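Chemist: Please find the sequence and the predicted model below.
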Amino acid sequence: MPPISVDAGALKAMLADGQELAIVDLREELIFSQSHLLFARSVPLSRLELKFARLVPRRGTRIVLCDDADGLVERAADILARAGYTNLHALDGGVAAWAAAGFELFSGVNVPSKAFGEFVEHASATPNIDAAELERLMRERSDIVVLDSRPFDEYQRVSIPTAVNVPGAELVLRIRDLAPSPQTMVVVNCAGRTRSIIGAQSLINAGVPNKVVALRNGTMGWTLAGFDCDSGKGRRASDVSRDGLAWAKAAADRVARRFGVARIDLATVERWRADDARTLYLFDVRDPREYDAGHVAGAVSAPGGQLVQATDQYAGTLGARVVLIDPAEVREMGWRDVYALAEAGRETAPPPAQILGDPPPREQHMDCAGLAALMARNEATVVDLSASRNYLKAHIPGAWFAIRSRLERALAKIPLQGTLVLTCEDGVLAGRAAIEAGALVDRPVRALAGGNAAWCAAGHALTAADGRMADEAVDAWLKPYERPNDKAAAMRDYLSWEIDLPARIARDGSTNFIEFQP
């Protein structure tokens, strides 16, 4: 059954009716980043089976699919209907019809989260410090501590000199040990603005006696001011002390009462799991190392700072129940309809991946030895459906890059010979695409079992050379520092975009952020 068509006005009404709703944009990430609905989640058709069930786990969820009126919706609806999703809708006329109806479209990614950061700064008058002033204080050896609120891998890539890595949800937990003297100024930074602002305001809300400021524009602002960043550093906060934990628990209790965050128990979680009428997300907001050591069954690792930074990458359904799991009870965030569960759990493996659809029949698989033999005789064309970032880092020699949802146009550019062999990072996506590809060519189609990982494990070489791009890399929005040209201009444009978000959010009119003031 095809999805039910809804016009822009009907979708706008859905956003205001208080019922669960998932708006899913099926275009590639770069195309999505140029113009999309505020609350749309980016789930490209090319990777639909891999990403969808984690973002939208409940099969009865009301779902509205969006595209450019170019057929992506129909293809996705077929996949989702076969996977058991029963409440599928399509935005009539695509994303352009939303704008034609007079509604706001947004550029960029993680827009609701970024806008929330800007809202917090305006509503709470979050204090900040610019790069030049921070550099002067550091040069004068003032009593300051710089706390980098990003995940450890981002911190290692580039950081402010002297900064200690304390991911955002850890700040309240560890602040008393990192700045025991109330005379120490605390500076919170991230790459740009959002996590700096949220982290600094969280400390202020928790009642930290220190002067707390956000580094204006983060590492980007530091770089644009002409100062050098460090890379490869490993400064991490040590284990929290007994006194530090006691202070953090008391602070968290005050904040929880202020924002109405309710505590629940495992029995309540189990009752909600059994509720087929509501979506439930279980997010463990601790450091990933703590999560790996033991967590509640079914919980997803979502370090708190990242959860605030990119909510749309974790929770696809608006109006769902969200449970934040943290036995220390100090890493709670100020959202609506959010609950806290103080449990560590004993599971050590993450929840199994929920992949939609069926793999191809065994006879459509090819092992690495078979592919190597075909390649030695020039009787294979290898097409790699990996993310472009991964393809450019390493691929099977001679493999062509293509995007699964645009495979037909890519195949028209590739001189095909012999068997068409599809591969990807682990073989899963290639397997899902094999049957589709068989309908596009007049030659045998196979999926490489285990993909590039298996090829490498079998002792065959991967290469970053000889990239053969049968499609543009529209599957990836690049961060400013990843852009190939004029990174400084990209940083300035990005920071201006963040600062301008509140006005655009106000014009959209469908957001009502909760107050984040102490």
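Modeler: Looks like it came in fine.

Chemist: now for the lowest-mean-pLDDT helix or strand in the chain, which elements pack on it?
Modeler: In the chain, the helix or strand scored least confidently by mean pLDDT, DSSP states H and E is helix 304-309, which has a mean of 80. If you count contacts as 3 or more C-beta pairs under 8 Å, 6 or more residues apart in numbering; DSSP states H and E, helix 304-309 packs onto helix 111-124, helix 194-205. Heads up, the C-betas are built off the backbone N, CA and C, glycines and all.

Chemist: out of those helices, nearest to Ala387?
Modeler: helix 111-124 (21.5 Å; C-beta to C-beta).

Chemist: Can you give the contact residues for the helix or strand following that closest one?
Modeler: Heading C-terminal from helix 111-124, the first helix or strand you meet, by DSSP states H and E, is strand 128-129. Strand 128-129 is contacted from outside by Glu121, Val187, Ser196, Ile197, Ala200, Val213, Ala214, Leu215, Arg216, using C-beta atoms under 8 Å, 6 or more residues apart in numbering.

Chemist: and these as CSV, adding pLDDT?
Modeler: Shown next, in CSV, are the contacts of strand 128-129 (pLDDT from 0 to 100):
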residue, pLDDT
Glu121, 93
Val187, 98
Ser196, 96
Ile197, 95
Ala200, 96
Val213, 98
Ala214, 98
Leu215, 98
Arg216, 97
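
Chemist: Taking the residues you listed together, which two end up most distant?
Modeler: Glu121 and Val187 (15.2 Å).

Chemist: Check Arg336 and give its pLDDT.
Modeler: Arg336 carries a pLDDT value of 63.

Chemist: Quick one: the helices and strands packed on helix 304-309 as JSON lines, columns for mean neighbour count too.
Modeler: Shown next, in JSON lines, are the helices and strands packed on helix 304-309 (neighbours: other C-beta atoms under 10 Å):
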{"stretch": "helix 111-124", "mean neighbour count": "21"}
{"stretch": "helix 194-205", "mean neighbour count": "28"}
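
Chemist: of all those helices, which lies closest to Val145?
Modeler: Short answer: helix 194-205, nearest of these by C-beta to C-beta, at 11.4 Å.

Chemist: Tell me how far the least confident helix or strand of the chain lies from the chain's centre.
Modeler: 9 Å (C-alpha atoms, centre = their mean, to the nearest Å).

Chemist: Please apply the same query to stretch 34-41.
Modeler: The answer for stretch 34-41 is 14 Å, by C-alpha atoms, centre = their mean.

Chemist: Give me the residues contacting it.
Modeler: By C-beta under 8 Å, 6+ apart, stretch 34-41 touches 15, 22-25, 27, 32, 42, 55, 66, 95, 98-99, 103-107, 111-112, 312-313, 316, 318, 505, 508, 510-511.

Chemist: quick check, Ala437 in a strand?
Modeler: No: counting by DSSP: H, G, I helix; E, B strand; the rest coil, Ala437 is located in no strand; its state is helix.

Chemist: dump the residue contacts of it.
Modeler: Per C-beta under 8 Å, 6+ apart, neighbours of Ala437: Val383, Leu407, Leu411, Leu420, Leu422, Val445.

Chemist: any idea how far Thr223 is from it?
Modeler: 44 Å (C-beta to C-beta, to the nearest Å).

Chemist: thinking again about what came up before, of all the residues in the following helix or strand past the least confident helix or strand of the chain, which ones are buried?
Modeler: Using DSSP H and E, the helix or strand that follows helix 304-309 towards the C-terminus is strand 321-325. Neighbour counts using 16 or more other C-beta atoms under 10 Å place Arg321, Val322, Val323, Leu324, Ile325 of strand 321-325 among the buried residues.

Chemist: which of these lies closest to Ala10?
Modeler: Arg321 (25.3 Å).

Chemist: any idea how far Arg286 is from Ile198?
Modeler: Applying C-beta to C-beta to Arg286 and Ile198 gives a distance of 17 Å.

Chemist: now Phe227
Modeler: For Phe227, the distance to Ile198 - C-beta to C-beta - is 23 Å.

Chemist: can you map out the helices along the stretch 101-250 of the chain?
Modeler: Taking DSSP state H, counting those that start in this stretch as the test, the helices found in the stretch 101-250 of the chain are 111-124, 131-139, 152-157, 171-178, 194-205, 218-224, 242-259.

Chemist: Reformat those helices as a markdown table; add distance to Thr86.
Modeler: A markdown table is the format used below for the helices of the stretch 101-250 of the chain (distance: least, C-beta to C-beta, whole Å):
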| stretch | distance to Thr86 |
| --- | --- |
| helix 111-124 | 27 |
| helix 131-139 | 53 |
| helix 152-157 | 39 |
| helix 171-178 | 42 |
| helix 194-205 | 36 |
| helix 218-224 | 44 |
| helix 242-259 | 35 |
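
Chemist: can you tell me which of those comes nearest to Gln364?
Modeler: helix 152-157 (36.5 Å).

Chemist: Tell me how far the closest one lies from the chain's centre.
Modeler: On C-alpha atoms, centre = their mean, the centre of helix 152-157 falls 16 Å from the chain's centre.

Chemist: you'd agree Gln364 is up against Ala447?
Modeler: Yes: counting by C-beta atoms under 8 Å, Ala447 is a contact partner of Gln364 at 6.1 Å.

Chemist: show me the contacts for Ala200.
Modeler: Thr126, Pro127, Asn128, Val186, Val188, Val212, Val213, Ala214.

Chemist: nearest to Lys393, of the helices of the stretch 101-250 of the chain?
Modeler: Going by C-beta to C-beta, the one of these nearest Lys393 is helix 152-157, 15.0 Å.

Chemist: Just the CA atoms of that closest one, as PDB, please.
Modeler: Extracted C-alpha coordinates of helix 152-157, given in PDB (Å, rounded to 0.1, in the frame of the first residue of the first chain):
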ATOM      1  CA  PHE A 152      37.600  12.400  23.500                       C
ATOM      2  CA  ASP A 153      38.200  11.700  19.800                       C
ATOM      3  CA  GLU A 154      37.200  15.300  18.900                       C
ATOM      4  CA  TYR A 155      39.300  16.700  21.700                       C
ATOM      5  CA  GLN A 156      42.300  14.600  20.500                       C
ATOM      6  CA  ARG A 157      42.000  15.900  17.000                       C
END
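
Chemist: Now stretch 178-191: buried residues?
Modeler: In stretch 178-191, counting by 16+ other C-beta under 10 Å, buried: Leu178, Ala179, Thr184, Met185, Val186, Val187, Val188, Asn189, Cys190, Ala191.

Chemist: Quickly note the distance from the last one to Asp143.
Modeler: Distance of Ala191 to Asp143, computed by C-beta to C-beta: 26 Å.

Chemist: for the fourth one, same thing?
Modeler: As defined by C-beta to C-beta, Met185 lies at a distance of 7 Å from Asp143.

Chemist: Same check on the second one?
Modeler: For Ala179, the distance to Asp143 (C-beta to C-beta) stands at 9 Å.

Chemist: The fifth one now?
Modeler: Applying C-beta to C-beta, one obtains 10 Å for the distance of Val186 from Asp143.

Chemist: shared neighbours, Gln364 and Ala447?
Modeler: Gly431, Ala434.

Chemist: which residues does the nearest residue to Leu15 once chain neighbours are set aside contact?
Modeler: Excluding its sequence neighbours, the residue lying closest to Leu15 (C-beta to C-beta, 6 or more residues apart in numbering) is Ser510, at 4.9 Å. Residues in contact with Ser510 (C-beta under 8 Å, 6+ apart) are Lys12, Leu15, Ala16, Leu38, Phe39.

Chemist: for Ser510, helix, strand, or coil?
Modeler: Assignment for Ser510 (three-state DSSP): coil.

Chemist: Many thanks, I have nothing further to ask.
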